[in-house]
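Visitor: show me how the following folds:
(chains A and B)
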Number of protein chains: 2
Amino acid sequence: MLEINPERFHETFEQYSEVGGTANGGLDRLALSATDGEIRDKFVSDLEALGLSVRIDELGNIFGRRSGADQSANPILIGSHLDSQPSGGRYDGQLGVLTALETIRVFENLDIETQRPIEIVNWTNEEGSRFKPALMGSGAWVGIHDVDEILSTTDEQGTSVEDALTQIGYDGESPCNPNQIPHAYLELHVEQGPVLEECGREIGIVEGILGMAWLEATIYGEADHAGPSPMHTRSDSLVAAADVITGIRRLSNHLADDVVTTVGELTIEPNSVNVIPSKASFTIDLRSYDYDVVTRGIDQIEAELSSACTREGTEYDLEELWRIPHTEFSQQICNSLETVADELGLSHERMIGGAGHDASYLADVTQTGLVFVHSVDGKTHNEQEFTQWDDAVAGAEVFANTVLKLANSEETSQ
Amino acid sequence: MLEINPERFHETFEQYSEVGGTANGGLDRLALSATDGEIRDKFVSDLEALGLSVRIDELGNIFGRRSGADQSANPILIGSHLDSQPSGGRYDGQLGVLTALETIRVFENLDIETQRPIEIVNWTNEEGSRFKPALMGSGAWVGIHDVDEILSTTDEQGTSVEDALTQIGYDGESPCNPNQIPHAYLELHVEQGPVLEECGREIGIVEGILGMAWLEATIYGEADHAGPSPMHTRSDSLVAAADVITGIRRLSNHLADDVVTTVGELTIEPNSVNVIPSKASFTIDLRSYDYDVVTRGIDQIEAELSSACTREGTEYDLEELWRIPHTEFSQQICNSLETVADELGLSHERMIGGAGHDASYLADVTQTGLVFVHSVDGKTHNEQEFTQWDDAVAGAEVFANTVLKLANSEETSQ
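Guide: Numbers count the residues shown, from 1 in each chain, chains lettered A, B, ... in the order given. Sure thing, here's the model as predicted:
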């Protein structure tokens, strides 16, 4: 079995974590920000040092290609994302990219020639925090989004994706689509949930991902002075929103076992201490493996909005920002991962992931696998996110050995 | 009886409304902003055109003095404020300043010499929207606030009151305190509530103002990913805040008849669609004429916070930003206003005001009166705020005639 170099892997991880590193040990590396530009430069220079052929596509997705014995064979694509949440952790995305990088370094050191080429990728804007939608680069690459529409999408300051790419020098020329459909896509990620911790196993073999919807609700009330306006004359958008948020929290209790609901963004206007809020806007994130449950959940959210607004004399809009069905990953790759983990003497658990990953979109075009490693307390999107280095190393060894198998596999089908 | 000039009064009102006027017919003239600077310049030039002696104090309060026959007599102080809410109306504050200005114009036109000097004032930052606390200029002038502390107070961008005053050229030299305690203070304001509309009368004679408290609550939860975090592991600061906001809305139902409660400001962190909010901060505005009820209300808000945070596994802080007891105005001035209104054939109603006014602080140092005119639908702090011009004229005539009486009154007491 291949062994990775744990010290080199860790040293690289520490170097990457300094770019956009926060005082509390997290990362602030929003997609296409200056720090995202800086980490991309480092990544490209690391790829070039390995002799990989680097290309940047129109949306800034970065690919590095290592030749195979059969250059015309469909490549194995491996990677993840280097962008982070505004107060995110160091492992989310970055660990997957660096596991792929370490894998290629091991192949180089051992002079391994694989049958198929291997391509490493850093996907643009996985997080969706600055620009929406999330999984932007991979979604456009597989054809879910129109590239021109994505380029003209703006952040809250009105900066477009196109301008942000130009500002950091990642407005690449390669078309944003697969010139060769990969033979397989493999990604490693921190679990970001409690399953591995609760079952006490080392490797998560992900069979699928929850389906999800992102909605935006806006409630329209009437601004008025907080003093002389009697309670019975008010139409307070925030009181109605609070009512809906409480209802959304309860939804997950009766829709289905695996349903999670979150209101993550909320802003009110005019946001002044002695003025009744005239407008409250908030997002709703709703997930379940059963896509019918997601659809039913949306209906129930609308019912909550409607009754809260009737009570408070307010009006509302409900907009669907994004919806993605549940993903099923390749059972063949799940089996390979399981075999490799067994050969390495590592315990493993098959599971369903709660978070969207670039792998979800890749599963639309090729056989795809996703490996999870343990996150302590399941904490993520948080500066306290933490993975024991031994767990990262275990994951990387499962990953590298599985990539080697895939890269020498002779099936011509995807 | 004195008559004011309705056309001149209206024309002046329209001119003043252009400075910081919004597309929807409201005002955006935050305290010490560039537009506040512009309207102050216009006001000072109007005072100088009347031959008044203008002085600016350390907090930018603008005074214009008209001599009286007895220069050593304590003056009558009249005025209000020219700053507005971010999306405020044209009448709130501005109508009171321009009623005072029109009063002095009438006196000038008719060559009336009063016994006492008359001073007109524009108080700095009545609204408290950009800089807290509200009623800043009048509060410091009567000695409730320390001038140096106020000067170093900052807005959300970190700009201090001192720097903001310098930027618009209103960092005056006159000390911010009464060099002569006024014999009386009189202010006219739009009602901002429904009482005059409901009783169908023209003039509100305000006997007092609700006591109030401004609080800021902060709830600390834990950021985590909206997907893979099961509901039972969450500590969601926004869910807890929604629970408290619902509780605060109910508070007013059982504390006392006249209680009003408002959550006007709310911000959450990190405010990202797929991250459980780690921090939610919101303000609470609580008012009642019975100050014991305000105190009891604060205790109940703390109880709501405590139980919501226990349910959600979150922590909280509750800070008191500002508290002001209820105000009782001079019964003698109420009687004068009533007599004048009767003499003018105008209907009137004695009432308690819900909003804080500069008059509330002035009542601490001298006999004070407050006249309300009708606001349509009671709407205020809102671009739709509207007062029929006939109502404004009626108020101004009551105001001017009462000022004349006060300015010729011979009592030496305050």
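Visitor: quick check: residue A:204 touching residue A:372?
Guide: Yes - with contact defined as CB atoms under 8 Å, residue A:204 counts as touching residue A:372 (2.9 Å). Yep, even glycine has a C-beta here, placed from its N, CA and C like the rest.
Visitor: shared neighbours, the two?
Guide: A:191, A:196, A:351 (CB atoms under 8 Å, 6 or more residues apart in numbering or on different chains).
Visitor: in JSON lines: those, plus distance to residue B:304.
Guide: Below are those laid out as JSON lines (distance: CB to CB, whole Å):
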{"residue": "A:191", "distance to residue B:304": "36"}
{"residue": "A:196", "distance to residue B:304": "38"}
{"residue": "A:351", "distance to residue B:304": "39"}
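Visitor: among these, which lie within strands?
Guide: residue A:351 (DSSP state E).
Visitor: looking at the shared contacts of residue A:204 and residue A:372, spot the one nearest chain B.
Guide: The closest of those to chain B turns out to be residue A:191 (CB to the nearest CB; 6.6 Å).
Visitor: disregarding residues adjacent in the polypeptide, which is nearest to the closest one?
Guide: residue A:372 (4.1 Å; CB to CB, 6 or more residues apart in numbering or on different chains).
Visitor: so what does the longest helix seen in chain A touch, helix or strand wise?
Guide: What stands out as the longest helix in chain A, according to DSSP state H, is helix A:291-312. Applying 3 or more CB pairs under 8 Å, 6 or more residues apart in numbering or on different chains; DSSP states H and E, we find helix A:291-312 packed against strand A:211-220, helix A:237-255, strand A:279-288, strand A:315-324.
Visitor: list the buried residues for that helix?
Guide: A:291, A:293-294, A:296-298, A:300-301, A:304-305, A:308-309, A:312 (16 or more other CB atoms under 10 Å in any protein chain shown).
Visitor: also compute the angle for it relative to helix B:237-255, please.
Guide: Interaxial angle, helix A:291-312 versus helix B:237-255 (axes from the mean of the first three to the mean of the last three CA atoms, to 10 degrees): 30 degrees.
Visitor: how far does helix A:291-312 sit from the chain's center?
Guide: In terms of CA atoms, centre = their mean, to the nearest Å, the centre of helix A:291-312 is found 27 Å from the chain centre.
Visitor: then stretch A:162-170?
Guide: Centre-to-centre, stretch A:162-170 and its host chain are 21 Å apart (CA atoms, centre = their mean).
Visitor: now do the buried residues in it.
Guide: Using 16+ other CB under 10 Å as the test for burial, stretch A:162-170 gives A:162, A:164, A:165, A:168, A:170.
Visitor: ok, stretch A:22-35 next?
Guide: Neighbour-count burial for stretch A:22-35 [16+ other CB under 10 Å]: A:22, A:26, A:27, A:28, A:29, A:30, A:31, A:32, A:33, A:35.
Visitor: now those residues in JSON lines, with secondary structure?
Guide: What follows is the buried residues of stretch A:22-35, written out as JSON lines (DSSP: H, G, I helix; E, B strand; the rest coil):
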{"residue": "A:22", "secondary structure": "coil"}
{"residue": "A:26", "secondary structure": "coil"}
{"residue": "A:27", "secondary structure": "strand"}
{"residue": "A:28", "secondary structure": "coil"}
{"residue": "A:29", "secondary structure": "coil"}
{"residue": "A:30", "secondary structure": "coil"}
{"residue": "A:31", "secondary structure": "coil"}
{"residue": "A:32", "secondary structure": "coil"}
{"residue": "A:33", "secondary structure": "coil"}
{"residue": "A:35", "secondary structure": "helix"}
